[in-house]
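Enquirer: Need a 3D model of the following:
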Amino acid sequence: MKKNLIASAIALTALSVASIAAPAKAAESLKETANVGIASIVEDGSGMAVSQTEPTQLLIKQGYDTYGAIAYSPSTGYYGVAWGYDYQSDAENRALYECGYDDCQVMWFSNGYGALAIGYSSWGASWGNTASEAQANAIDLCRSYAPTVADANTCSIEYSLSSW
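Expert: Okay, here's the model as predicted:
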């Protein structure tokens, strides 16, 4: 089943998001639905990579989890990301590998979005049900660790992605 879902998601990328959204009545009548997103990571002109697409509701069985992770090295500023993994440990290991340093700290998420915010003297990685929620949570976390208000105001989103 997982292979079919992956193949379906790949095939659906060629379609417009509007054409793959399930009708509201059909989604309400089926208890076995989950939010799945087809996200594209792009640079927004300022050098920040962002996910442009919110989740699209596809009719799939509940219980099919996908994991993502963000790893960050406070000493170097390098980070690694992973998405689309069937297991939490695989997503974490890939993000840590991509980060590449001994002090990389990892944050995982499932069936949702993750974001990394970096400031002058602090950082935060968090998750949410939407890209904007994950980004707001990461900014809040970054600001909460900043030693001063001025430092807290330097927190901004460095990277955002979905687990799909």
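
Enquirer: Please count neighbours and contacts with C-alpha atoms only from this point.
Expert: Will do.

Enquirer: Going along the chain, name the strands of the protein.
Expert: With DSSP state E, the ranges of strands along the chain come out as 34-36, 41-43, 49-51, 56-58, 67-72, 79-85, 105-110, 113-118, 123-128, 156-162.

Enquirer: Name the residues of stretch 142-151 that are buried.
Expert: Within stretch 142-151, the residues scored as buried using 16 or more other C-alpha atoms under 10 Å are 142-143, 146, 151.

Enquirer: ditto for stretch 73-89
Expert: Of the residues in stretch 73-89, 73-74, 79-86, 88 count as buried by neighbour count, 16+ other C-alpha under 10 Å.

Enquirer: Mind putting these into JSON lines with distance to residue 163?
Expert: Listed next are those as JSON lines, based on distance: C-alpha to C-alpha, whole Å:
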{"residue": "73", "distance to residue 163": "21"}
{"residue": "74", "distance to residue 163": "23"}
{"residue": "79", "distance to residue 163": "16"}
{"residue": "80", "distance to residue 163": "14"}
{"residue": "81", "distance to residue 163": "10"}
{"residue": "82", "distance to residue 163": "8"}
{"residue": "83", "distance to residue 163": "5"}
{"residue": "84", "distance to residue 163": "5"}
{"residue": "85", "distance to residue 163": "8"}
{"residue": "86", "distance to residue 163": "10"}
{"residue": "88", "distance to residue 163": "10"}
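
Enquirer: Compile those into a markdown table and extend it with columns for pLDDT and distance to residue 100.
Expert: Compiled in a markdown table, the buried residues of stretch 73-89 are given as follows (pLDDT from 0 to 100; distance: C-alpha to C-alpha, whole Å):
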| residue | pLDDT | distance to residue 100 |
| --- | --- | --- |
| 73 | 98 | 8 |
| 74 | 97 | 12 |
| 79 | 98 | 8 |
| 80 | 98 | 8 |
| 81 | 98 | 11 |
| 82 | 98 | 13 |
| 83 | 97 | 17 |
| 84 | 96 | 20 |
| 85 | 97 | 19 |
| 86 | 96 | 22 |
| 88 | 97 | 18 |
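
Enquirer: Just flag the most distant two among these.
Expert: Across these, no pair lies farther apart than 74 and 86, at 27.6 Å, counting by C-alpha to C-alpha.

Enquirer: Excluding chain neighbours, what is closest to residue 103?
Expert: Setting aside the residues directly before and after it, residue 103 is nearest to residue 73 in space (C-alpha to C-alpha, 6 or more residues apart in numbering), at 5.5 Å.
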